[in-house]
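# generate a structure from the sequence data that follows.
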Amino acid sequence: MLGVAGFIIFKDDKDHETNNFEASFIKTTKMNETNNVRTEIKGIILALQTLGIQFLEYSSDVTLFTDCNAVVNLVGRRASLEANKYISKKSKSVLANADIYKELFELFDKFKPKIIWVKGHSPQKENDLIQKNFSFIDRLVRKKLRTALLIS
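Numbering: from 1, shown residues only. Predicted coordinates for the structure are as follows:
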């Protein structure tokens, strides 16, 4: 399944609060994953890896905004997932996303991001600052996905 993930790294709260996209790092990446949740998680992994490689000076106070409930819920499920060694209780097989869960948790341990769920695709007139910034990258990602789908 073709998907596109994207993220913005703002240098500081001021750039975030003023929608200063020109001074920020913006990245979109095409991915061939099995489902959209996997694409979302891989996008977050890429964002945190990029932060650690290119923007380490900004990594002491990380806030992660996502519209993916699976990511938000994953943090709460971590203890159970690790206790069960990422094995499904029903099928007794390793979870399909175990590999990226482990990778994500390692990065969460490193950066300790504050995670904030954002309602995706909300009407512009209802958007607050966070939703405006989120909407910017969301529109960029969807445009990139449409282009990729036309090409493939």
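# just for the chain, where's the confidence low?
Scanning the chain for pLDDT under 70 picks out the ranges 58-59, 121-126, 152.
# for it, what spans make up the helices?
13-17, 36-54, 69-83, 98-111, 129-151 (DSSP state H).
# quick one: Val62 and Val4, what's the gap?
The spacing between Val62 and Val4, counted by Cβ to Cβ, to the nearest Å, is 22 Å. In short, each C-beta sits where N, CA and C put it, glycine included.
# typed the wrong thing, it's Ala98
24 Å.
# those two - which one has more neighbours?
Between Ala98 and Val4, counted using other Cβ atoms under 10 Å, Val4 has the larger neighbour count: 20 against 15.
# how about the more buried one, nearest residue that isn't a chain neighbour?
Leu145 (4.2 Å; Cβ to Cβ, 6 or more residues apart in numbering).
# residue contacts, the one you found?
2-4 (Cβ atoms under 8 Å, 6 or more residues apart in numbering).
# rebuild those as a markdown table, extending it with distance to Arg77.
Conversion of the contacts of Leu145 to a markdown table gives the following (distance: Cβ to Cβ, whole Å):
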| residue | distance to Arg77 |
| --- | --- |
| Leu2 | 27 |
| Gly3 | 22 |
| Val4 | 26 |
